[in-house]
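*Asks:* Provide a 3D model corresponding to the input given below.
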Amino acid sequence: MPIRLIATDMDGTLLRSDHRTISPRTREAFARARAEGIDVLAISGRQPYSIGAIVADSPLDGSVVGSNGSVAMNTLTREILFEETLSVHAQRAIVEGILRVYPGVKVSSARQAGDVYVTQHGYAGMEDPGAEVSRWAVSHRRADLEEVLAEPSVKLALLDLDVPSEALLELARELAVPGAGPTTSGAPFLEVGKEGISKATALARFAHDRGYSADEVVAFGDNNNDVEMLAWAGHSVAMANAVPAAMEVSDEVTATNDEDGVAQVIERLLG
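*Replies:* Numbers count the residues shown, from 1 in each chain. Reported below is the predicted structural model:
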């Protein structure tokens, strides 16, 4: 079947290892895809304000999916296309379960399509999440844990610099809290969204709304939060720097993100 949509993860996939740069070759590959009538979509664990800053003035500017599938937004208009949130009950349950084993964990909540952060006192490395890479203003305040967990989140981040994120993920999966969907993306924290929501569900929703079947979608990814998306797409591509789980479900493995692996595949597929 023809290719009608190309979806790509960002960090470790689309972007160079500086987590900012889309190479000229990759820009050209996506520009060529769009010129041939193919839709393109950036889909990330990042929030739309951050995705929007990076894809600005590139062929990927427009509709994006952030927060591991929890929110979709048009970066040109800031229209929210859809949003799914982790309930207060579920986020309190998973945090309480993890704190029983790792009492040093601190928590940050992203809300309101990712434009508002409420972060627990003591959470390391988040003085101002919108200061470095942001297309529009982002609100951020520090609070005690009760306030952090008081409202639903598009994404909840749990961090203890002394505990690997994969250890937190293993515990979260053992807890199996109803309503909570944990994952990791290569960042040092555990990421929790609404159960059943992933990049795969968001990509499927985006494709369905435009009349595309899975067979008409090509997806690129590299980490645990990409696995479901790679398994869903009609043609899936893992990066050479991908985690084993992403490689296992993919149809092929391309070069690394620093070697323009995404561009290499798009160029080949477009002939």
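*Asks:* poorly predicted segments of the chain, please.
*Replies:* The chain contains residues with pLDDT under 70 at 126-132.
*Asks:* domains in it, by residue range?
*Replies:* 5-83+197-270, 88-194 (automatic domain parsing).
*Asks:* mind saving the C-alpha coords of stretch 116-125 as CSV?
*Replies:* C-alpha atoms of stretch 116-125 as CSV (Å, rounded to 0.1, in the frame of the first residue of the first chain):
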residue,chain,number,x,y,z
VAL,A,116,1.6,23.9,33.4
TYR,A,117,4.0,22.1,35.8
VAL,A,118,3.6,21.6,39.5
THR,A,119,6.8,20.1,40.9
GLN,A,120,7.5,18.7,44.3
HIS,A,121,10.1,20.5,46.4
GLY,A,122,13.4,18.6,46.1
TYR,A,123,12.8,17.4,42.5
ALA,A,124,16.2,17.7,40.9
GLY,A,125,16.9,19.4,37.6
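*Asks:* buried sites along that stretch?
*Replies:* Under the neighbour-count criterion of 16 or more other C-beta atoms under 10 Å, stretch 116-125 has 116-120, 123 buried. Every C-beta, even on glycine, is put in place using the N, C-alpha and C of the backbone.
*Asks:* give me the distance between that stretch and the centre of its chain.
*Replies:* In this view, stretch 116-125 has its centroid 19 Å away from the chain centroid, taken as C-alpha atoms, centre = their mean, to the nearest Å.
*Asks:* circling back: which of the domains of the chain sits most buried?
*Replies:* Greatest average neighbour count among the domains of the chain goes to domain 5-83+197-270 (a mean of 21), per mean count of other C-beta atoms under 10 Å.
*Asks:* next one: that domain to chain centre, how far?
*Replies:* Chain-centre distance of domain 5-83+197-270: 9 Å, with C-alpha atoms, centre = their mean.
*Asks:* can you give me the end-to-end distance of that domain?
*Replies:* 12 Å (C-alpha to C-alpha, to the nearest Å).
*Asks:* what does stretch 25-43 give?
*Replies:* Stretch 25-43 end-to-end distance (C-alpha to C-alpha) = 20 Å.
*Asks:* contacts for that stretch next, please.
*Replies:* 3-10, 14, 51, 54-55, 58-60, 63-66, 69, 199, 202-203, 206, 210, 212, 229, 260, 262-263, 266-267, 270 (C-beta atoms under 8 Å, 6 or more residues apart in numbering).
*Asks:* from those residues, which ones fall inside helices?
*Replies:* 51, 54-55, 199, 202-203, 206, 229, 262-263, 266-267, 270 (DSSP state H).
*Asks:* among the buried residues of stretch 116-125, which ones are in strands?
*Replies:* Among the buried residues of stretch 116-125, the ones falling in strands (DSSP state E) are 116-120.
*Asks:* out of those residues, which is nearest to Ile94?
*Replies:* The shortest approach to Ile94 among those belongs to Gln120, at 14.4 Å (C-beta to C-beta).
*Asks:* grab the most central residue of the protein for me.
*Replies:* Compute the mean C-alpha point of the chain, and by C-alpha atoms, centre = their mean the closest residue is Gly45, 2.0 Å away.
*Asks:* need the contact list for Met1.
*Replies:* By C-beta under 8 Å, 6+ apart, Met1 lies in contact with 213, 215-216, 234.
*Asks:* can you rerun that using 6 Å?
*Replies:* Counting by C-beta atoms under 6 Å, 6 or more residues apart in numbering, Met1 makes contact with 215-216.
*Asks:* and it, how far is that from Phe30?
*Replies:* 20 Å (C-beta to C-beta, to the nearest Å).
*Asks:* so what touches stretch 225-238?
*Replies:* By C-beta under 6 Å, 6+ apart, stretch 225-238 touches 9, 45, 68, 183, 185, 198-200, 203, 214-215, 217-221, 245-247, 249-254, 265.
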